[in-house]
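1. Okay, structure incoming, though there's no sequence with it:
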Ligand code: NAP
């Protein structure tokens, strides 16, 4: 099948559902990959209000949509509505990607594996046997913590609310523990996985004086492109990246699940301004 200039009756449809979703970079990433490989697919953003995630899964069945990316606030609702869950999605109780296999809808979670691929590729950081401090214990943080533990890292979880940190540790398994401020200075990789830094008035997620040259900092936020903490880290001589790499690699994994083709991550990265 070759990609037409405009969709035809044969074009396969993929979409991201979320609220809000109009700002999403996912259509740019996936459509660049479809074009590059000459696949007759197209990808759109569908605003779906809170509370309608399960209905959106039923719509996917009826409309024959081939693949769906899932973002806030639907990840848990979609996990309840699909027919099967991958091991990662089952463990997290959250789905960010739905794959169609005939009439069966399979829920996956590619956030964690995408994050690990991004630090390997962008920071030249192999997690196995390394000390990592993760700031945050929300939905994205838990996916990242579990994937880092699975990749062999020792992870300290530093979060404002101790109950969420404990839940993250319970999900991730024995190589994760609830951490404290001192773990930040001792880590080889610091992961900023709170939502602090998206708004100009946000406090810093940790004391930047805890950071030292030689450490790496992976920020999950990509809008703004440089949070105050990432700026402070770069100013102190750390190597750091924002969350675009994670976004890219989790999308690449979704692309592979849907199409069976390895994702052209270089091309997808260029489409969102990321040189690999
Ligand atoms: P979430 O579930 O709402 O979790 C928010 C986290 O931030 C929690 O750990 C929360 O701590 C902490 N936090 C919020 N306000 C705080 C404050 N005033 N002081 C201290 N801690 C505070 O959000 P999420 O879904 O995990 O997303 C987190 C970030 O990751 C977002 O900015 C999102 O855009 C980004 N993200 C990026 C990607 C990517 O591909 N790059 C993918 C997913 C998410 P408590 O537990 O104490 O409330």
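-> On my side now, so go ahead. For clarity, every value in this text was computed on a predicted model and none was experimentally measured.

2. Which stretches in this protein count as strands?
-> Using DSSP state E, the strands of the chain run over residues 12-18, 41-47, 67-70, 84-85, 97-101, 104-108, 131-135, 154-158, 176-178, 189-192, 216-219, 239-241.

3. Which neighbouring elements make contact with the fourth one?
-> Packing contacts for strand 84-85, counted by 3 or more C-beta pairs under 8 Å, 6 or more residues apart in numbering; DSSP states H and E, involve strand 104-108. All C-beta atoms are positioned from the backbone trio N, CA, C, and that covers glycine.

4. Likewise for the last one?
-> Counting by 3+ C-beta pairs under 8 Å, 6+ apart, the packing neighbours recorded for strand 239-241 are helix 111-122, strand 216-219, helix 228-235.

5. Report the mean per-residue pLDDT for that strand.
-> Throughout strand 239-241, pLDDT has a mean value of 98.

6. same thing with the fifth one?
-> Strand 97-101 shows a mean pLDDT of 97.

7. now the second one
-> When pLDDT is averaged along strand 41-47, the result is 98.

8. partners of that strand in the sheet?
-> Note on strand 41-47: by DSSP bridges, its sheet partners are strand 12-18 (parallel).

9. from the chain's centre, how far out does the strand it pairs with sit?
-> Strand 12-18 sits 16 Å away from the centroid of its parent chain (C-alpha atoms, centre = their mean, to the nearest Å).

10. related to what we said a few turns ago, Serialize the strands of the chain to JSON lines and add fields for mean neighbour count and distance to residue 261.
-> What follows is these, written out as JSON lines (neighbours: other C-beta atoms under 10 Å; distance: least, C-beta to C-beta, whole Å):
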{"stretch": "strand 12-18", "mean neighbour count": "23", "distance to residue 261": "13"}
{"stretch": "strand 41-47", "mean neighbour count": "19", "distance to residue 261": "10"}
{"stretch": "strand 67-70", "mean neighbour count": "27", "distance to residue 261": "12"}
{"stretch": "strand 84-85", "mean neighbour count": "16", "distance to residue 261": "22"}
{"stretch": "strand 97-101", "mean neighbour count": "21", "distance to residue 261": "14"}
{"stretch": "strand 104-108", "mean neighbour count": "20", "distance to residue 261": "16"}
{"stretch": "strand 131-135", "mean neighbour count": "25", "distance to residue 261": "31"}
{"stretch": "strand 154-158", "mean neighbour count": "25", "distance to residue 261": "32"}
{"stretch": "strand 176-178", "mean neighbour count": "18", "distance to residue 261": "34"}
{"stretch": "strand 189-192", "mean neighbour count": "26", "distance to residue 261": "30"}
{"stretch": "strand 216-219", "mean neighbour count": "25", "distance to residue 261": "27"}
{"stretch": "strand 239-241", "mean neighbour count": "20", "distance to residue 261": "26"}
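
11. Alright, I will stop here.
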